[in-house]
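J.: quick one: sequence plus predicted model below, questions after.
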Amino acid sequence: MADRSERRQAQRVDATLKLEVQVPVDGGQAPACLETLNISTAGIYFRADHYIEPMTKLEMLLELPVPGADGAVAGDLAAVPCEGIVVRITPEDEQPGCDNYEVAVFFTNIEPESMSHLEEHIAMLITAG
């Protein structure tokens with residue numbers, strides 16, 4: 001029988017990156033500046049200070065360090081706009097007084113140039129690791 005413990009097709013890597021998210025608040029949207037826990041070419045995992053309902057669509061802007069010619073971080077940042085849907089949140093239900101939720105988002109839209117920046121950054125992290 002095949003080992004099904006890891007079902008992800010895209011390799012996930014630990015990464016602490018700036019992430020701007022348009023989060024639903026009181027029937028509207030509000031910007032939130034958060035940090036990622038890890039990333040892949042399929043999605044993103046981040047910590048939020050409030051509950052976000054699963055299946056919520058999010059507009060996000062990820063800032064990625066750009067590798068220089070030698071492969072090291074050049075100091076420049078690439079803005080990577082993307083959209084995704086919340087597929088998991090921990091804890092699974094809204095908890096009174098909780099300000100530490102971990103949110104998994106599957107990308108539903110990311111432009112080819114942005115995907116290229118993401119792939120380069122992930123490759124750099126894998127090589128450095």
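T.: Happy to help now that I have it.
J.: where in the chain is pLDDT low?
T.: Applying pLDDT under 70 to the chain flags the ranges 1-9, 67-75, 129.
J.: residue boundaries of the helices in it?
T.: Per DSSP state H, the chain carries helices over the ranges 112-128.
J.: which residues of it fall in strands?
T.: Under the criterion DSSP state E, strands of the chain are mapped to 13-14, 18-25, 28-39, 43-48, 57-67, 73-90, 101-110.
J.: of those, which approaches residue 124 most closely?
T.: Smallest distance to residue 124 across the strands of the chain (C-beta to C-beta): 5.0 Å, for strand 57-67. Every C-beta, even on glycine, is put in place using the N, C-alpha and C of the backbone.
J.: parallel or antiparallel, list what pairs with the closest one.
T.: strand 18-25 (antiparallel), strand 73-90 (antiparallel) (DSSP bridges).
J.: can you tell me how far the residue most central in space within the chain sits from residue 95?
T.: Against the mean C-alpha coordinate of the chain, by C-alpha atoms, centre = their mean, the closest residue is residue 44 at 2.5 Å. In this structure, residue 44 and residue 95 are 22 Å apart, going by C-beta to C-beta, to the nearest Å.
J.: again with residue 25
T.: 18 Å.
J.: tell me the most buried of the strands paired with strand 57-67?
T.: strand 18-25 (a mean of 17; mean count of other C-beta atoms under 10 Å).
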